[in-house]
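[1] give me a model of this one.
(chains A and B)
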Amino acid sequence: MCLHLSALGCGTVAPIPDTPNLEELQTRYDHPTAVLHAGTAQDALDEVPQLLDLAGGLRATPYAIEGVNRADDLAVDRAAQGIRVQGTVNATLECPGASGSRDGGANGSLLLTIGVAETKVLRGIHGVAQHCVLRSERLQVPLRVEIDGGVDFDLGRDLALGTHWTGRLLVVVLGSITIEGVPFRNVSGRITDALFEHLLELEDGTTVVLQVTEEGPAIRDSERIWSCSSGQPCNFH
Amino acid sequence: MQLPLTLAATVACAVIATTAGAERAENRRTDFTAYTRPRGRLAVGPLKVEHGIIDEIMIGTFVPPWFAFPWLNVPVPTAYLKVRTSWWDPVTLSLRGGLAYVDSKAVAELADEQASGSALSTTAELVASWRIDDRYSVSVGLDYAHLHAVGDTAYEATSVEGASVSHTYSVRVFGEWRLTRVFALSLLVRYLIFQSPIRVKSDSQGGGITTVGDVSAESTMQKRWTAVPGVSFVWPSWELSAGVGYGVYYLPVLGLASSKALPDIEIALAYFFDLYD
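    Presented below is the predicted three-dimensional model:
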């Protein structure tokens, strides 16, 4: 790895970029407002027939975390005790493509703008994808995912320098995400290793959270979680 | 007949020696004061070399950085010029400016990273010294240090590991109490007025990820005060001063200040003689 350093002798603080504030969206994910019964639960699930594909596609986006970790490494040298670090790190990631191997930029790129304030990586990160092709899978079947346009991330918390991120990632695709040729626009998802969540606003303005777990699809409303296994009506435990 | 003649010759020699000693310019301390070396004097020591061009102008250099190439691969040249007034006795004003050039190879060694560019450190001091009487003198000074960029078209200079600022402003008071012709006590007190953040632009490539960073760092626990009591000795051709104190530590040559309080050792040793009258 080639690292170049330069220092400005101006003695001014580095600017902190504007970063997306997705805390309200996180709250909406945490507290859906709808109250469902068995029939409406299934109806809600049917509103997103490609839920599994969407889950598979958005599960490719945590690739961006590699850029966050690299930004953390870049700033951590200055994060000695008693030192306040702030500024901006722009990370450009070569997208690995459907085959998983980078091809000198032929699979597009993802540019992340990462803010650092009070010696922490700010939780909101703005990204711009340019024909970024990623690899994911659904039920162990490979999926080709392409992202174009804006994509924002929320780490869930500001990240102390020197600690690599783990946790629950909220992704908002402001542009388009194409999963095996099927485009989705302006979608969001919340991702952990074992759980995918997608916020759905119903016709009456209330919200539910569609989930994909190892056991299959589920729906979380304001009161309970409905398990919706294939071929069975949704029911709660 | 021989005895009186011998006595007369001895007295004459003593008078001549005393007179010569009295006519030799006084060797005032140049550290932390407004004083300079008298015209023609050369003071050579393991830490610095100073020469009085005329009574009011002195040049000097710090010795150890010139010999830093075993560790830094290149020497670090340093130089300073000091100018003082001579018409306001017992008050003397002086202005001193200094330079230190840190080549990119030295920077790379200091920063443990590859660097393209060099650094130039500039220091300045404005000092007023008041010689109250033959025993007491006090000096008040304002110091400035700056580390900034020089370099090629792609990158400017670099960070120096351990340095925490790019601008440093401080003030100091130095008092000396001469107990005998040879021995004196001293006290140096310094206060750090301002220490600017250090700003770093960096980029890295590897693993399919390119990062460009623009970050700044500043101390949140900046200490301010330094106190260094000391002693000094002045012999006919030698001078020695030493002090041990505690507080903000100012990097020699560069003049940059630490953010933490550290033990502070000030020492100077020199042999001086007159190159010309």
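[2] contacts and neighbour counts: CA atoms only from here.
    Fine.
[3] now the strands for the chain?
    Since no chain was named, I'll use chain A. A:2-8, A:83-94, A:109-117, A:120-121, A:124-138, A:141-154, A:159-160, A:169-179, A:182-191, A:196-201, A:207-213, A:216-220, A:225-227, A:235-236 (DSSP state E).
[4] ah, no, chain B please
    Using DSSP E, strands in chain B cover B:41-44, B:48-54, B:57-62, B:78-84, B:91-102, B:118-131, B:136-150, B:167-178, B:183-195, B:198-206, B:209-219, B:225-234, B:238-250, B:257-274.
[5] mean pLDDT lowest where, among those strands?
    Mean pLDDT is lowest for strand B:198-206 among those, at a mean of 77.
[6] coming back round to it: pick the most buried one from the strands of chain B.
    Mean neighbour counts were compared across the strands of chain B using mean count of other C-alpha atoms under 10 Å in any protein chain shown; the top stretch is strand B:209-219, at a mean of 24.
[7] and residue B:214, what does it touch?
    Contacts of residue B:214 were listed using C-alpha atoms under 8 Å, 6 or more residues apart in numbering or on different chains, and they are A:14, A:87-89, B:199-202.
[8] follow-up on the earlier one: of all the strands of chain B, which one is nearest residue A:154?
    strand B:209-219 (19.5 Å; C-alpha to C-alpha).
[9] what is the longest helix of chain A by residue count?
    Ranked by residue count and defined by DSSP state H, the top helix of chain A is helix A:65-76.
[10] what helices or strands is it leaning on?
    strand A:83-94, strand A:109-117, strand B:209-219 (3 or more C-alpha pairs under 8 Å, 6 or more residues apart in numbering or on different chains; DSSP states H and E).
[11] would CSV of the ones you listed with distance to residue B:233 be doable?
    Shown next, in CSV, are those (distance: least, C-alpha to C-alpha, whole Å):
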stretch, distance to residue B:233
strand A:83-94, 41
strand A:109-117, 52
strand B:209-219, 38
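[12] so which of those strands gets nearest residue A:21?
    Closest approach to residue A:21 among these is made by strand A:109-117 (12.1 Å; C-alpha to C-alpha).
[13] parallel or antiparallel, list what pairs with that closest one.
    strand A:83-94 (antiparallel), strand A:120-121 (antiparallel), strand A:124-138 (antiparallel) (DSSP bridges).
[14] out of the ones you listed, which comes closest to residue B:261?
    strand A:83-94 (14.5 Å).
[15] for that closest one, output the C-alpha coordinates as CSV.
    Presented in CSV, the C-alpha positions along strand A:83-94 are these (Å, rounded to 0.1, in the frame of the first residue of the first chain):
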residue,chain,number,x,y,z
ILE,A,83,-6.1,14.6,20.7
ARG,A,84,-9.2,15.7,18.9
VAL,A,85,-9.4,14.6,15.2
GLN,A,86,-11.9,15.9,12.7
GLY,A,87,-12.2,16.2,8.9
THR,A,88,-13.2,14.4,5.8
VAL,A,89,-12.1,11.1,4.2
ASN,A,90,-13.2,10.3,0.7
ALA,A,91,-13.0,6.6,-0.1
THR,A,92,-13.4,5.3,-3.6
LEU,A,93,-14.0,1.6,-3.8
GLU,A,94,-13.5,-0.4,-7.0
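[16] for the residue positioned nearest the centre of chain A, which residues are in contact?
    By C-alpha atoms, centre = their mean, the mean C-alpha position of chain A lies nearest to residue A:171, the distance being 2.7 Å. Each residue near residue A:171 by C-alpha under 8 Å, 6+ apart is listed here: A:58, A:61, A:151-154, A:188-191.
[17] let's see it at 6 Å
    A:152-153, A:188-189 (C-alpha atoms under 6 Å, 6 or more residues apart in numbering or on different chains).
[18] same thing with residue A:220?
    In this structure, residue A:220 makes contact with A:208-209, judged by C-alpha under 6 Å, 6+ apart.
[19] circling back: output the strands of chain A as CSV; include the columns mean pLDDT.
    Converted to CSV, those look like this (pLDDT from 0 to 100):
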stretch, mean pLDDT
strand A:2-8, 42
strand A:83-94, 90
strand A:109-117, 94
strand A:120-121, 90
strand A:124-138, 91
strand A:141-154, 92
strand A:159-160, 87
strand A:169-179, 94
strand A:182-191, 92
strand A:196-201, 94
strand A:207-213, 93
strand A:216-220, 90
strand A:225-227, 90
strand A:235-236, 78
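[20] which one (most neighbours) among the contacts of residue A:171?
    residue A:153 (27 neighbours; other C-alpha atoms under 10 Å in any protein chain shown).
[21] please name the bridge partners of that residue.
    On the basis of DSSP bridges, residue A:153 is bridged to residue A:125, residue A:171.
[22] which residues sit in contact with it?
    A:124-125, A:170-171.
[23] recalculate using a threshold of 10 Å.
    A:19-22, A:61-62, A:64-65, A:112, A:123-127, A:169-173, A:188-190 (C-alpha atoms under 10 Å, 6 or more residues apart in numbering or on different chains).
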